[in-house]
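Asks: quick one, fold the following:
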Amino acid sequence: MKSAAHDSMPPIAYEFQISCSRLPRSNAIEWDPICIMQRRGEGEFDAGWQEVFRTERLMNTNNPRFQRIARINYIKVIHLCVFVRVCACIHIYI
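Replies: Okay, here's the model as predicted:
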């Protein structure tokens, strides 16, 4: 049985402002980056990666500073991928 104090506690939430610097650049590739945040499912039916947030696409930059702020509740592992025409992925373990 949960106590009333436990029920009234707000969930732990995090805010992320995502930016990158000096992404490798090539004249053959258009750099219009977008960042996708995924979480790993923990249940029987959602064990893979699930998208929880997507930034806006910025045009022609290899130093993006995305304006949209990710607000997510507590999760154990997140995965950030910055997509252009090729993929550069960053794994963050919380």
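
Asks: from here on, just use CA atoms for contacts and neighbour counts.
Replies: OK.

Asks: residue ranges with poor pLDDT in the chain?
Replies: 1-11, 26-30, 43-46, 75, 85-94 (pLDDT under 70).

Asks: 50 instead?
Replies: Low-confidence segments of the chain (pLDDT under 50): 1, 3, 6, 94.

Asks: check contacts around residue 52.
Replies: 36-39, 72 (C-alpha atoms under 8 Å, 6 or more residues apart in numbering).

Asks: which residues touch residue 54?
Replies: With C-alpha under 8 Å, 6+ apart, residue 54 has these contacts: 34-37.

Asks: and the strands in the protein?
Replies: Assigned strands in the chain, in chain order: 13-16, 34-40, 49-54, 70-73, 77-83, 87-93 (criterion: DSSP state E).

Asks: of all those, which lies closest to residue 64?
Replies: Relative to residue 64, the nearest member of the strands of the chain by C-alpha to C-alpha is strand 34-40, separated by 8.6 Å.

Asks: quick check: the gap between residue 14 and residue 57.
Replies: Here residue 14 is placed at a distance of 22 Å from residue 57 (C-alpha to C-alpha, to the nearest Å).

Asks: more neighbours, these two?
Replies: Comparing residue 14 with residue 57 by other C-alpha atoms under 10 Å, the one with more neighbours is residue 57, at 16 against 11.

Asks: can you check the distance spanned by stretch 49-60, start to finish?
Replies: Distance between the boundary residues of stretch 49-60 (C-alpha to C-alpha) amounts to 28 Å.

Asks: before we move on, the earlier item: out of the strands of the chain, nearest to residue 25?
Replies: With respect to residue 25, and counting by C-alpha to C-alpha, the nearest of the strands of the chain is strand 87-93 at 11.9 Å.

Asks: re the thing from before, a markdown table for the contacts of residue 52, including neighbour count?
Replies: Below are the contacts of residue 52 laid out as a markdown table (neighbours: other C-alpha atoms under 10 Å):
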| residue | neighbour count |
| --- | --- |
| 36 | 16 |
| 37 | 19 |
| 38 | 18 |
| 39 | 18 |
| 72 | 14 |
